[in-house]
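Novice: Got a predicted model here, sequence first, then my questions.
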Amino acid sequence: MVKQYFTYDERLGINLPSLQSDWEDYPFMEQQRILTHWETIRGNIPDRIQYLEKNINAKQEELNNENDFLKSCHLNSQIASLASIINDLWIWFRSNQTVTEAKMHS
């Protein structure tokens, strides 16, 4: 079962690889199954980012109309948190692209 090699990351909202052994210790067919499952997850990252961007836009609109300083600070904090999640998702999306391509073509 491939899902045992992934752990759900609450903050990012996706499953991330969680391998217990070195990559080379897994049989080739298991590596392929892991990579295929990761590609499915990875393929959904842009949709997750788009969803978070919509949340940011809504919070920015709310911030534009907010006159209460403390509420504005809270909204800014939420926006920064969402932006940080987006940044981390892009890192996962891009960094593993080269690893996946290299492993699938070897």
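Specialist: Arrived safely.

Novice: Tell me where this structure has helices.
Specialist: Ranges of helices in the chain, per DSSP state H, are 28-64, 69-104.

Novice: For those helices, could you give me TSV that also reports mean pLDDT, mean neighbour count and distance to residue 14?
Specialist: Quick note: C-beta positions are derived from backbone N, CA and C, even for glycine. Output for these, formatted as TSV (pLDDT from 0 to 100; neighbours: other C-beta atoms under 10 Å; distance: least, C-beta to C-beta, whole Å):
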stretch	mean pLDDT	mean neighbour count	distance to residue 14
helix 28-64	95	14	6
helix 69-104	85	14	7
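
Novice: ok, now how distant is residue 80 from residue 87?
Specialist: Per C-beta to C-beta, to the nearest Å, residue 80 is found 10 Å from residue 87.

Novice: got it, and residue 28?
Specialist: For residue 28, the distance to residue 87 - C-beta to C-beta - is 34 Å.

Novice: Give me the pLDDT for residue 1.
Specialist: Residue 1 is assigned a pLDDT of 78 by the prediction.

Novice: try the one 5 residues further on
Specialist: We note a pLDDT of 95 for residue 6 in this prediction.

Novice: Pick out the residue nearest the middle of the chain.
Specialist: Nearest residue to the geometric centre of the chain (C-alpha atoms, centre = their mean): residue 89, 3.4 Å.

Novice: Go ahead and confirm it touches residue 47.
Specialist: No. Contact criterion C-beta atoms under 8 Å: residue 89 and residue 47 do not qualify, at 10.3 Å.

Novice: For the residue of the chain most remote from its centre, which residues are in contact?
Specialist: The C-alpha centroid of the chain is most remote from residue 67, which lies 33.3 Å away (C-alpha atoms, centre = their mean). By C-beta atoms under 8 Å, 6 or more residues apart in numbering, the contact list for residue 67 is empty.
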